[in-house]
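# Structure for the following, please:
(one chain, ligands or ions: 1)
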Amino acid sequence: MYVQNKDDKATSIHPLKVGRFAHPENMQGILKIVNKGRARIALEFETDTQANKFVDSNLGSRNDWVVFLPTHLVTCKGVLRGVDEDITKEEIKTDLKCGEREVVDVHRIKRRIRENGLTKYVSMKAVSVTFSLSLPKHVFIYKCSFEVRTYVHPVIQCFGCLRFGHTKTQCNGRMRCLRKRRRRV
Ligand SMILES: [Zn+2]
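Next up, the predicted model:
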């Protein structure tokens, strides 16, 4: 969430001033207040609901401030299937048509496989695309239509302790054997 002066966009606002004004009413959920450029303050909130509450509080208009969420912070991630492996992400970023929205980021989705004790990543015919604003239903790449599905974050499993949520390099747990565990199942 950004705060800046309504008329005089060049005059700086001190973070402390915003913090002090925000205090009696909507201080809940503010994680930090920092300078963002010369005349802008950025407020970081714990949840979306708390950020929206801050916007609704009229705190901005009472102080001649503009409170807004910059578009680059409002993003959605989607998945396109059937995108051939030889099409690069740069090509997709340049050619993809999605109306008003901007393409913020493109990634080729890779599958992690284990082969002879080694981890390999294999490219798939799918890409994840981060859009500004909201998720479109369809997009076009080289005049071909692609359906956009909501991206679901993959579950990571540790090859060391076999627990979920971290990788072997970040592991603090005790090593467990994948083969033994499989046999027991
Ligand atoms: Zn682990």
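# Point out the residues in the chain that sit beside the ion.
Neighbours of the ion within the chain, by C-beta under 5 Å from the ion: 158, 160-161, 171, 173. To be clear about C-beta, it is placed using only N, CA and C from the backbone, and glycine gets the same treatment.
# What subset of these is buried?
By neighbour count, with 16 or more other C-beta atoms under 10 Å, the residues of the chain next to the ion hold 158, 160 as buried.
# can you redo the residues of the chain next to the ion as JSON lines with pLDDT and secondary structure?
Shown next, in JSON lines, are the residues of the chain next to the ion (pLDDT from 0 to 100; DSSP: H, G, I helix; E, B strand; the rest coil):
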{"residue": "158", "pLDDT": "82", "secondary structure": "coil"}
{"residue": "160", "pLDDT": "83", "secondary structure": "coil"}
{"residue": "161", "pLDDT": "84", "secondary structure": "coil"}
{"residue": "171", "pLDDT": "84", "secondary structure": "coil"}
{"residue": "173", "pLDDT": "79", "secondary structure": "coil"}
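# how does this protein divide up, domain by domain?
Following the assignment in automatic domain parsing, the chain carries domains at 2-69, 75-152, 155-185.
# show me where the chain has strands.
2-5, 30-35, 41-45, 65-68, 75-81, 103-115, 118-132, 138-141, 144-147, 149-150 (DSSP state E).
# Adding distance to residue 55, mean neighbour count and mean pLDDT, write those out as TSV.
Rendered in TSV, the data for these read as follows (distance: least, C-beta to C-beta, whole Å; neighbours: other C-beta atoms under 10 Å; pLDDT from 0 to 100):
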stretch	distance to residue 55	mean neighbour count	mean pLDDT
strand 2-5	10	20	78
strand 30-35	13	13	84
strand 41-45	10	18	83
strand 65-68	5	18	80
strand 75-81	18	18	90
strand 103-115	22	14	89
strand 118-132	19	15	91
strand 138-141	30	17	94
strand 144-147	33	13	95
strand 149-150	25	12	91
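# The residue nearest the centre of the chain bridge partners, please.
By C-alpha atoms, centre = their mean, the chain has its centre lying nearest to residue 75, at 6.3 Å. Residue 75 forms beta bridges with residue 132, as assigned by DSSP bridges.
# Many thanks, we can stop here.
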